[in-house]
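# A predicted structure for the sequence below; I have some questions about it.
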Amino acid sequence: MSTPMEHPSRRVGDAMVEEAFTQCHVPVAICDAELRILRASSGMTHEAGLTEDQMRGRRFTQFMPGTAYEEVEGGICRVFKTGVAEHLEVYADARAEPGEQVWSVTLSPLRNAAGQVHRVQFTAVDTTAEYGARERLALLNEVSARVGSTLDVAQTAQEMVDAVAGRLADFVTVDLLDSLFRGVEPRPSGEGVALLRAAHQSVLPGVPESVIRVGEVDYYPQSSPPARVMATGRSSLHRTLDRAIERWATGDPQRARVVHAHGVHSVMVVPLSARDITLGVAVLVRHQRRAPFTEDDLLLAEEIAARAAVAVDNARRYTRERTTAEALQRSLLPQQLAEQEAVQVACRYLPARSRAGVGGDWFDVIPLSGARVALVVGDVVGHGLRASATMGRLRTAVRTLADVDLPPDELLVHLDDLVTHLTAEEDTAIDPGLETVTDLVATCVYVVYDPISHRCTVASAGHPPPAVVTPDGTVDFLDVPPGPPLGVGGLPFEVTERELPEGSLLALYTDGLAEACGRDIDAGLEQLRRALTGPADQPEEVCEAVLDSLLHGQPTDDIALLIARTRALDSRQVATWDLAGDPAAVAGTRAEVARRLAAWGLEEIAFTVELVVSELVTNAIRYGGPPIQLRVIRDTAVICEVSDSSSAAPHLRRARIFDEGGRGLLLVAQLARRWGTRHKAAGKTIWAEVALPEGQP
């Protein structure tokens, strides 16, 4: 009886399968329902480090331990159960070198003639390179999204190290030239370099790898990798066995201890360069993960550092521009308040800590004639150099108009006209093809306090009302009509008057104070009222108390605050005479003035004051109209005032040789330290100030 012969095609097929498994360099294995390996390709045996005979009959987890292959066996079970292929991404330790390999695994069902799954084919493709590329791209995108969210140098550096630590490196530092924190342009140095630690981060709690704290300065000798990178602008990649790293570490015992204690084995030093300037260096270290840095890692670190450097440089430029704007703003504010005795003053200016930049808030204290004083607080709407420059022009205009002694409402009318003209000038200067800038708008409150009458006169142009604290601690806000903001044009301003007891406090402020911390204006005014409530303290103490109460952290808008404590001029320091319109009265008036000066102990300047009084009274009798009144005030100077009913203002002119008159005001101008005219509803007052003798308080 003959044995059936094996079909030739079957022998050929088995030979081809054998050949395929022998020559296949891709890891392939055939498993049965018991998860045992029946066949393994040469690629599979290479990755496992075993022969096919050693693998046959064993499960993956018996020779390749780890959760990755437990997941593979779980997938094989599911394929046997469902008959549906599965795809897995497996992360396993590389066998040949330190690091991790990523495999794309496909588990395919193999069916018998009856259509049942009786085998599962395992096929793995090494996708480590592709995975690494995806991870690098994802990290780069994350850095782009996270780094540069603020215009703060230190915060930008911290955002970079937070993004990189744990993803690319185990320990990351960013050291920058300390000039960056002041907004100063960095300057290259050919020798060692001192860098300030801007930020660091680690996968270990407490960042134990760092030898210095954030904010401290570390000096890098010329031969160290960071100094070389700063000098050349080129990155460097090191193993701890490199001589450069060894010399750098051993040069600092503390750094050497850290390197050896944590097992540092790979280091990258990358420059932070922007606009052809090296701003600092980033040092990336590995000690937890086994794989050293690669050239691809270095390219990624350079790209991350380049993007972070642009953000750091933007922050530096912003710091410089902000510092310049703040310097301009402060230079336009009073550097030293003028001496006067009407009020005791304290003031504060706080610039906004926002990207919008400094604003146009300002304050001023202006001595006026008659021992009076003007208190001013204003706010130009907007931020930046335009607002600061406009503020400077308005402050100058207010001082000029105050010298003319205009009443508060008239002064604001002229200021409103100026803002309207400034807007028109800007509109004319702008390129028609460009978008028109917003109109200039400002608010202002102008207060005049008279220490003789104790009266306070106020006018407001859209500004929050001043607060008044009486000596008993009662707080209220002056009932002054707010009026339109400056720049609206064509609308009048109203004046409010109020008598203030000696020792009262006046609080003038901008809306940035009331609306700090997101409060609405009404809530802010109520908070201000509570902060001011209580017996009137010294203005400096009140300033601090108000800011402590209303501010929490950095303000988002500029704040100007002016606190003034009123003083009263003793009635014995003021002398008043009603004069007849007769030139013969001049001599008697001079004698009265001389006696009063003697009572004040000012005989030394009596002759000068008599001459001034004589000329002013004579001028009023000759050119003015009754009633005529003389008032002499003993303040920081001797103030002589002559009032009459005529509105005609005197003019200073030089008399010609044969003129009989015209020399009186010229003489007054020579004898007085300053003089001027102020107009009233009916008539005018000509005044002159004579300086006190040396040593007089």
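Received it, and whenever you're ready, just let me know what you need.
# leaving out the residues flanking it, which one is nearest to Val642?
In space, and not counting its chain neighbours, Val642 is closest to Leu616: 4.2 Å by Cβ to Cβ, 6 or more residues apart in numbering. The C-beta positions use only the backbone N, C-alpha and C, and glycine is treated the same way.
# and if you look at Pro465?
Nearest to Pro465 is Phe477, by Cβ to Cβ, 6+ apart, at 4.3 Å.
# wait, the one you found touches Val469, no?
No - the pair Phe477 and Val469 does not pass the contact test of Cβ atoms under 8 Å, sitting 10.7 Å apart.
# now do the contacts for the residue nearest to Pro465.
Counting by Cβ atoms under 8 Å, 6 or more residues apart in numbering, Phe477 touches Pro465, Pro466, Ala467, Val468, Leu525, Arg529.
# all strands of the stretch 501-650 of the chain, in order?
Ranges of strands in the stretch 501-650 of the chain, per DSSP state E, counting those that start in this stretch, are 505-509, 559-566, 574-579, 628-634, 637-644.
# so how far is Glu515 from Asp405?
Distance, Asp405 to Glu515, by Cβ to Cβ, to the nearest Å: 34 Å.
# can you redo the strands of the stretch 501-650 of the chain as TSV with mean neighbour count?
Output for those, formatted as TSV (neighbours: other Cβ atoms under 10 Å):
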stretch	mean neighbour count
strand 505-509	25
strand 559-566	25
strand 574-579	16
strand 628-634	21
strand 637-644	23
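# distance to Gly483 added to the ones you listed, as JSON lines?
As requested, the strands of the stretch 501-650 of the chain are exported to JSON lines (distance: least, Cβ to Cβ, whole Å):
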{"stretch": "strand 505-509", "distance to Gly483": "15"}
{"stretch": "strand 559-566", "distance to Gly483": "19"}
{"stretch": "strand 574-579", "distance to Gly483": "33"}
{"stretch": "strand 628-634", "distance to Gly483": "32"}
{"stretch": "strand 637-644", "distance to Gly483": "29"}
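# the ones you listed: which one's closest to Ala92?
For the strands of the stretch 501-650 of the chain, proximity to Ala92 was assessed by Cβ to Cβ; strand 559-566 is nearest, at 60.9 Å.
# give me the mean pLDDT for that closest one.
Mean per-residue pLDDT for strand 559-566: 93.
# same question, stretch 123-134
The pLDDT scores in stretch 123-134 average 83.
# just the terminal-to-terminal distance for it.
With Cα to Cα, to the nearest Å as the measure, stretch 123-134 spans 22 Å from end to end.
# quick one: buried residues of that stretch?
Buried residues in stretch 123-134, defined by neighbour count with 16 or more other Cβ atoms under 10 Å: Thr123, Ala124, Asp126, Thr127, Tyr131, Gly132.
# then stretch 246-261?
Trp248, Ala249, Asp252, Arg255, Val258, Val259.
# what about the helix ranked longest in the chain, distance to the chain center?
With secondary structure taken from DSSP state H, the chain has its longest helix at helix 295-332. Centroid separation for helix 295-332 versus its chain: 13 Å, with Cα atoms, centre = their mean, to the nearest Å.
# next, the angle from the next helix or strand along the chain from it to strand 559-566.
Per DSSP states H and E, the first helix or strand lying C-terminal to helix 295-332 is strand 343-350. Orientation of strand 343-350 against strand 559-566 (axes from the mean of the first three to the mean of the last three Cα atoms, to 10 degrees) gives an angle of 170 degrees.
# sheet partners, orientation included, of the helix or strand just after strand 343-350?
Remark: after strand 343-350, the chain's next helix or strand is strand 359-367, criterion DSSP H and E. Strand pairing for strand 359-367, using DSSP bridges, gives strand 373-383 (antiparallel).
# now the partner strand - C-alpha only, CSV.
What follows is strand 373-383, C-alpha atoms only, in CSV (Å, rounded to 0.1, in the frame of the first residue of the first chain):
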residue,chain,number,x,y,z
VAL,A,373,-2.1,127.9,47.6
ALA,A,374,-3.5,125.9,44.7
LEU,A,375,-3.7,122.1,44.9
VAL,A,376,-4.0,120.3,41.6
VAL,A,377,-4.6,116.6,40.6
GLY,A,378,-5.2,115.5,37.0
ASP,A,379,-5.4,112.4,34.9
VAL,A,380,-4.8,112.2,31.1
VAL,A,381,-6.9,109.3,29.8
GLY,A,382,-4.7,106.5,28.3
HIS,A,383,-1.2,105.2,28.8
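# tilt between it and helix 295-332?
For strand 373-383 against helix 295-332, the angle by the same axes, to 10 degrees is 150 degrees.
# closest to Arg567 among the buried residues of stretch 246-261?
Closest approach between the buried residues of stretch 246-261 and Arg567, by Cβ to Cβ: Asp252, at 63.2 Å.
# about what we covered before: which members of the contacts of Phe477 are positioned in helices?
Per DSSP H, helices hold the following members of the contacts of Phe477: Leu525, Arg529.
# can you select the buried ones from the contacts of Phe477 in ChimeraX?
Entered in ChimeraX, the line below selects the buried ones among the contacts of Phe477, by 16+ other Cβ under 10 Å:
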select :465,466,467,468,525
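# quick check, nearest of the contacts of Phe477 to Gln62?
Leu525 (78.9 Å).
# what about the nearest residue to the closest one once chain neighbours are set aside, how many neighbours?
Leaving aside its sequence neighbours, Leu525 sits nearest to Ala514 (Cβ to Cβ, 6+ apart; 5.6 Å). If you count neighbours by other Cβ atoms under 10 Å, Ala514 ends up with 20.
# just to check, Ala514 is in contact with Pro464?
Yes - using Cβ under 8 Å, Ala514 is in contact with Pro464, at 6.0 Å.
# next one: phi and psi at the closest residue to Asp297 other than its chain neighbours?
In space, and not counting its chain neighbours, Asp297 is closest to Leu168: 6.5 Å by Cβ to Cβ, 6+ apart. Per-residue torsions, Leu168: phi -110, psi -30 (degrees, to the nearest 10).
# count of neighbours near Leu168?
For Leu168, the count of nearby residues is 21 (other Cβ under 10 Å).
# how near is it to Val267?
According to Cβ to Cβ, Leu168 stands 13 Å off from Val267.
# related to what we said a few turns ago, contacting residues around the residue nearest to Leu525?
Taking Cβ under 8 Å, 6+ apart as the test, what Ala514 contacts is Pro464, Ile521, Gly524, Leu525, Gln527, Leu528, Leu550.
# any chance of these in JSON lines, plus pLDDT and distance to Leu110?
Shown next, in JSON lines, are these (pLDDT from 0 to 100; distance: Cβ to Cβ, whole Å):
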{"residue": "Pro464", "pLDDT": "93", "distance to Leu110": "84"}
{"residue": "Ile521", "pLDDT": "82", "distance to Leu110": "78"}
{"residue": "Gly524", "pLDDT": "84", "distance to Leu110": "77"}
{"residue": "Leu525", "pLDDT": "88", "distance to Leu110": "82"}
{"residue": "Gln527", "pLDDT": "88", "distance to Leu110": "78"}
{"residue": "Leu528", "pLDDT": "90", "distance to Leu110": "83"}
{"residue": "Leu550", "pLDDT": "87", "distance to Leu110": "78"}
